[in-house]
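1. Give the three-dimensional model of this entry:
(3 chains)
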Amino acid sequence: MAGIKKPKGEEFKKEDILQAVVIADSFDKKFIPVTNLKPRALLPLANIPLLEYTLKKANWLAPSSPVSITTVVSEDCLSVGDALRDISAKSLISNDFILVNGDTVANVKLKPIIEEHKARRLKDKQVMMTMLFKKAPPLHMIRQQQDDIILAVKSADSRLLRYDKPGNKKKFKLPLLRYDLMDTGISICSPHIPELFTDNFDYQTKDDFVKGILINEEIMSNKMYIHVLDNEYAARVSNISMYHAISKDILARWVFPIVPDGSIADVNSCRYSYGRHNIYLHKTVTLARYSCNNVKLDGAYIWDNVHIDNGCQLTFCLVDDDVHLMNNVKVQRRCVIAAKVVVGENQTLSPGCRLTAQPPSDDKINTTPDTDVVGEDGHGWVYLRHIDRDDEDVYDLEEEMCRMKIDSDEEDDDKETDSEMMFLEEVISTLQKAVMVKTDWDNVVLEVNSVKHAYGIQIKEVNQLLTKAVISLPLKSESSQESVDYLKQLTSECCKDNSAMQKVVVKVIHQLYEDDILSEDVILSWHGAQLDDEEVDAINIRKRV
Amino acid sequence: MWLRNGQMETIDIQIKDPIVRNKVDGLIEDLKHGNILGSYQLAKNTVEVLLHMISKEELANVKKLISVIREQGQRLMSAQPSETVVGNMVYRVLKIIRDECRAIDETAEEQSQESIQKSSTAPGDDVSNKDILSLKKLLLAEGDVDISDKSISSLKAPIIDAVNELLVELDTSQENISAQALEHIHSNEVIMTAGQSHTVEAFFKKAAKKRTFKVIVVECAPFYQGQKMATNLASAGINTTLITDSAVFAMMARVNKVIIGTHTVMANGGLKAINGCHAIALAAKYHSVPLVVCAPMYKLSPKYLCSCDQVAFNKFASPEDVMSFSEGEILSKAQIYNPIFDYVPPELVTLYIFNIGGNAPSYVYRLLSELYDTEDQEL
Amino acid sequence: MNETDTLEYFETILKNDPEKSEAVAAIETLFHYIKLDDAETLHGFMENIQKASKWLEESDLSGAVTSISSGCQLFLRFITLAKDPENMESDIQKCKGILVKRGHDFLDKVKTLRKKISKLANPFITDGSTILVHSHSRVVLQVLKQAMQDKKRFTVYVTESNPDKSGHKMVNKLTDVGIPAILVLDSAMGYIMEKIDFVMVGAEGVMESGGIVNKIGTFTMAVCAKYLNKPVYVLAESFKFARLFPLSQEDVPNKFKYKASKLNDKVDLTKEHPNVDYTPPSLLTLLFTDLGILTPSAVSDELIKLYL
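-> Numbers count the residues shown, from 1 in each chain, chains lettered A, B, ... in the order given. This is a model prediction of the structure:
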């Protein structure tokens, strides 16, 4: 499925042809099962295939001259690295080129940046790459956890010194760190880059490459630079939450003039009309005078030919082509329904459910649809996938804490016990409230964060205190029932797929018992309450207790 | 004339000449991406492309020529619907073609009598008899002049001449407007203006050669074109003050005249001007300060404003200029708009200065009927 | 053809086609009259026509005297225009032939006028708008129906329009085609004004000033609309254009304001309710006519073109 499109801008100067490599495949499975039938670059965003956004941009560079596009199909490519190696083998690149992902949405005018890059290269032959970043501070809607990066940048000439994904590291002791940037997936590369990929077979992704270059900087003296976009917009549709975020940005016109009623529209006519409150209507759309079929759509993305019957409720989900939802179907958060699935009457899809119309290939016995999910008259299978949490919204408190460790690495080191205590109080009450009212975790995180800033707590302390708060939550509980709930929550949230955590939880529960925080009754009643639960993990924990 | 649409047979409207096609497509791309700046350039480019089309395309008859231009004009207009100038120019060229046809017609009919050929480009001239009689035409059930099967060969030269005259009109319009500057700007006057307009800038500079006066420039956030305007005026030696948008009302009391440029003059005499102009116009009304609008004729649009939310009336740019994208969180909670244009109703405008002279807003309809053919407006 | 015949003919036209405007019916009647007319000289012919139009204007058959009057005037103008100096003097029969032929063409065209107006006015009715309508008007009805067919969603408020309560008729006709219409009291005009997006009225006659003569209450409505800055749109076919330039309500001829029977009976007019009022052009936003969308100031231009 690996395809590389390679538009060649013609005649920038006479001998200076501008080239761009558009990597059409994403080499990951973030949109599965939708991408089983349709490559990511062709998924519609605001009714326009993603690739179109990139290729339109190519037009800007050479406004009058038509751009010639060469399609390179590489059968055995499994990564960006492979693709570039292939390009190198075919020696298609002769000059500085733009490396873009096929799923990039941007309104950047690249010309000045390219010129900047060229000027740098003229001075120093070892300049390898200029990467484009967009400023997006932590907790920005468009910022994704798996894309978190920390950069060390030389402020004088914006040279990149260090590039790290914080997922695996915890402490940084470098000056001039930047944590407010987001990779846009656009970079301007020197013609040596494909060769470098060929030389180093272990480079799979651009991340590998960038890290490799920086580590070997001493030896090879290759240099990287970054360019931070100020007024322009650029982002990659790297997963479903980004799909949501970027769709919203397009509708809110951040990517102007790439808006549904603007330049991205069909050549022949501007088909969308723009109304107040960012409402876009296609010319052919007519609204019924009385539309009250009780269908409720909230943040739902619905593609072509979808049939939705009366009384359906859709919340933050993606519905592919030709899907049929029968009466009173409820689709909850983060559901993805791939093409041609039929969901029967009165079914409720649990959050995060992914449905496909093809039976799972490795499962030969199961050829009947998963009727417990799609209903008797439905058609579709639950797509089983490996545990791959990184593109999910943050649900796990544990994960959340890990994230917050790096939230503010530039804060000062002044401690105040008073504020710590107050912070603790505040966090506990917040958590308590959250447990009682069942608030969305996102909100809790937000609240905790704001409390953190309010009391000027250092990040290390936040971790300590937060853990403390979580542990001592039952301390404040008034009734034993609440404690039981708390235990349930703790085990089910933390221990499903993490054996290391299971051990910890056992210890925590034991400790709580020892300290007379939890009474024996409570533990027993919790134990009893969950007996009918088939979850092996839970039983494991219980046994250990 | 309303029966005509039904009778219209399908005609091949594709452009055959590859160079012309490239030009049209190039202009469409430029329009879409906003590569052409300024109404004057837009108007000029459009007319040039149309002129090219008229001279290069090999078409059998006038009817075909008109339908090709209509069709291509439609494409151009929908490429950037908020740029009315493109449409205006298409209508103007169509009107020229029709007029030339009629002129030929009349001369053919009344060979013995003196020629009544009319110059179609100079607006303000007396209009041909055939246009005037719309109500009379209805009464007499008079047929429309049939121009469909006229051969194009004899018409090509006069049409190209007339379109060239239109180009000359475009070129000279700014000059003609600024030539009237001394009639409107008197010594020691305080004049307010908003945003940046080349026409108004030239107007002020012309007046500054003979008179001394003060200009107050409104900066027009969030694009701050006013700042640029103020710099330009100040460097030309004009006493210039720059104020924020919010200070307009306070400053109005000491202003003698408001002179602004506009993006479009609507058919009812209203304005589609830079955002903030309505507020300025209301402030001027409150203090009874005359509001003068400098507009070249090519900005006169035959379109009416149906409602403020009308499709393609306004343009909403990226909210980046209002609030930075990196502001983060708040963006998901707040709606941010960044409209570019404002509608100013005709009753707030005192005077228009066109390149053919000053006119009241209520006179705009008259100019329209001279510039455009009603038949084309159903496009 | 005598007076009773003429009026009877006029009456049947209106009865057979209630959608027909009074002005058109009057013109049609006059055409019919010429066909049957036996005048020998041109002078006699003209005199007869004038007599017939007077009968129509002074009849009590319909309330819309203004539009009948403008229709008759237009007809007279039509004849003058048709008086070709060459053949007219000589042969009255030939002339009549030309007139009748042209008359047919004219009446054919008249049928398309409302369609044209509704095409022009259609974009002004936006999705979700609320409209205030006064009295009963066929053009307004047609425009609203057209908008309904285009699947626009809008609500119409209709004033009751005393003394003949023609608003009731309007509401019934609107609800019949599925347009949500709400009847309000005449005196509730000011109350309702803030809810609506614009006012849409027909006209019995469009004056040279660009103002209109219409069912009593139109002026009140326009004043209210002006106060709240709501646009007032007038829909009128061009045959309703009349050569009058009233400066005040007083200037509107009595024959427009009162029923002919009242005038003939010589009752004290100060104690009578007028049927129409005059709305000056400054209160009107735009006029939608078959000649195009006109600003009030453009109307006089059109009239001058005709009567020059």
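2. Dead centre of chain C: give me the residue that sits there.
-> Computing the C-alpha centroid of chain C and ranking residues by Cα atoms, centre = their mean puts residue C:204 first, at 3.2 Å.
3. got a list of what that residue touches?
-> Residue C:204 is in contact with C:64, C:65, C:66, C:67, C:212, C:213, C:214, C:215, C:240, C:256, C:276, counting by Cβ atoms under 8 Å, 6 or more residues apart in numbering or on different chains. (Each C-beta comes from the backbone N, C-alpha and C, glycine too.)
4. OK, contacts around the last one?
-> Residue C:276 sits next to C:66, C:204, C:213, C:214, C:215, C:216, C:252, C:256, C:257 when contact means Cβ under 8 Å, 6+ apart.
5. Can you report how many residues lie near the residue nearest to the second one when sequence neighbours are not counted?
-> Leaving out its chain neighbours, the residue that sits closest to residue C:204 by Cβ to Cβ, 6 or more residues apart in numbering or on different chains is residue C:66, at 3.8 Å. Residue C:66 is surrounded by 30 other residues when neighbours are defined as other Cβ atoms under 10 Å in any protein chain shown.
6. and if you look at residue B:348?
-> There are 18 residues near residue B:348, going by other Cβ under 10 Å.
7. how close does it get to chain C?
-> Separation of residue B:348 from chain C (Cβ to the nearest Cβ, to the nearest Å): 12 Å.
8. And the pLDDT at that residue?
-> pLDDT recorded at residue B:348 is 95.
9. looking at it, it is touching residue B:279, isn't it?
-> No. Applying Cβ atoms under 8 Å, one finds residue B:348 not in contact with residue B:279, separated by 10.6 Å.
10. Compute the distance between the closest residue to residue A:120 other than its chain neighbours and residue A:45, please.
-> Leaving aside its chain neighbours, residue A:120 sits nearest to residue A:127 (4.9 Å; criterion: Cβ to Cβ, 6+ apart). From residue A:127 across to residue A:45, the span is 33 Å (Cβ to Cβ, to the nearest Å).
11. same question, residue C:287
-> According to Cβ to Cβ, residue C:287 and residue A:45 sit 46 Å apart.
12. between these two, which one's more packed in?
-> Neighbour tally, residue C:287 and residue A:45, criterion other Cβ under 10 Å: the higher count belongs to residue C:287, 28 against 18.
13. do the helix or strand containing that one and chain B meet at all?
-> Here residue C:287, judged by DSSP states H and E, is contained in strand C:286-289. Yes. With Cβ under 8 Å from any Cβ of the partner chain as the measure, strand C:286-289 is seen reaching chain B through residue C:286.
14. Just give me how far that strand sits from the chain centre.
-> Relative to its chain's centre, strand C:286-289 lies at 13 Å (Cα atoms, centre = their mean, to the nearest Å).
15. name the helices or strands packed onto that strand?
-> For strand C:286-289, the packing partners by 3 or more Cβ pairs under 8 Å, 6 or more residues apart in numbering or on different chains; DSSP states H and E come out as helix C:92-121, strand C:232-235, strand C:292-294, helix C:296-307.
16. can you give me the strands in the stretch 251-379 of chain B?
-> In the stretch 251-379 of chain B, the strands defined using DSSP state E, counting those that start in this stretch lie at B:257-261, B:264-265, B:271-274, B:291-294, B:341-344, B:351-354, B:357-359.
17. Quick one, which of these gets closest to residue A:55.
-> strand B:341-344 (30.4 Å; Cβ to Cβ).
18. who's in contact with the closest one?
-> B:82, B:263, B:266, B:270-279, B:281, B:305, B:308, B:313-315.
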